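> What follows is a predicted structure for the sequence shown.
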Amino acid sequence: MARLGKVPASNQEAAVVDSLIKKLRPFDTKLRPFNRPFVSEHASTVGARPLSRMRPIGGPMRPGAVWACVALGVLLGIALPQWPYARACGWWLLLYLTAAGTVVVAGAWGARVSWRSRIGLAHVVAVGTMIWGLALTAHEVLPRVGYAKTRLAWRCHDGQAAAPSLTSLLALTRRLDAGTADLVR
């Protein structure tokens, strides 16, 4: 390299390297003197498109909004065990499993929102909601895939949908009768 003025060769080479690095990384804070704000060195052109179409990432949500998101999943998870329809087989079973999947999704949504907003208790509640939704789903799916002792069907055959509610009612009355008989003795 040729010498420029009074600057020794090592300092001149370092100055060249620094200027090249500054061109490669114009937003590096180590090379910016006095932490001045960034100013464009190029003249702006009217109608120029941005280099990226990505939107900036939004900040965290307010705590009330986070708790509202988490509470929606919790309320659905609490209401689901009181499902008013027979879920033994058929379309009602599919609808119930869809609702249980919605509990899992609502829990994941609440967990994500609470994680980004840094609200720990809301995150724990949301993860608990996800686990509860998975447990509700497993309670209906596992007997139908052969994991449990009793094997249940996915599809209804010859009035099978009405039978489980009637059978459970008969089983309950038999237990009550047996319990009262034991009390009488």
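Received it, and whenever you're ready, just let me know what you need. Numbers count the residues shown, from 1 in each chain.

> How many neighbouring residues does the closest residue to residue 85 other than its chain neighbours have?
Counting by C-beta to C-beta, 6 or more residues apart in numbering, residue 85 lies nearest to residue 92, which is 4.6 Å off, once chain neighbours are set aside. (C-beta placed from N, C-alpha, C; glycine too.) Residue 92 has 16 neighbours, counted by other C-beta atoms under 10 Å.

> Can you point out the buried residues in the one helix or strand residue 17 maps to?
Assigned by DSSP states H and E, residue 17 falls within helix 9-24. Going by neighbour count (16 or more other C-beta atoms under 10 Å), the buried part of helix 9-24 is residue 12.

> cool, and stretch 89-100?
Buried, per 16+ other C-beta under 10 Å, within stretch 89-100: 89-90, 92-93, 96-97, 99-100.

> What of stretch 66-77?
Neighbour-count burial for stretch 66-77 [16+ other C-beta under 10 Å]: 66-67, 69-74, 76-77.

> Quick one: mean pLDDT over that stretch.
The pLDDT scores in stretch 66-77 average 95.

> Stretch 107-116 too?
pLDDT averaged over stretch 107-116 gives 94.

> quick one: buried residues of it?
For stretch 107-116, by 16+ other C-beta under 10 Å, it's 107-111, 113-115.

> Between the residues you listed, which sits nearest residue 123?
Nearest to residue 123 among these is residue 114, at 4.0 Å by C-beta to C-beta.

> Could you measure from the closest one over to residue 108?
Per C-beta to C-beta, to the nearest Å, residue 114 is found 11 Å from residue 108.
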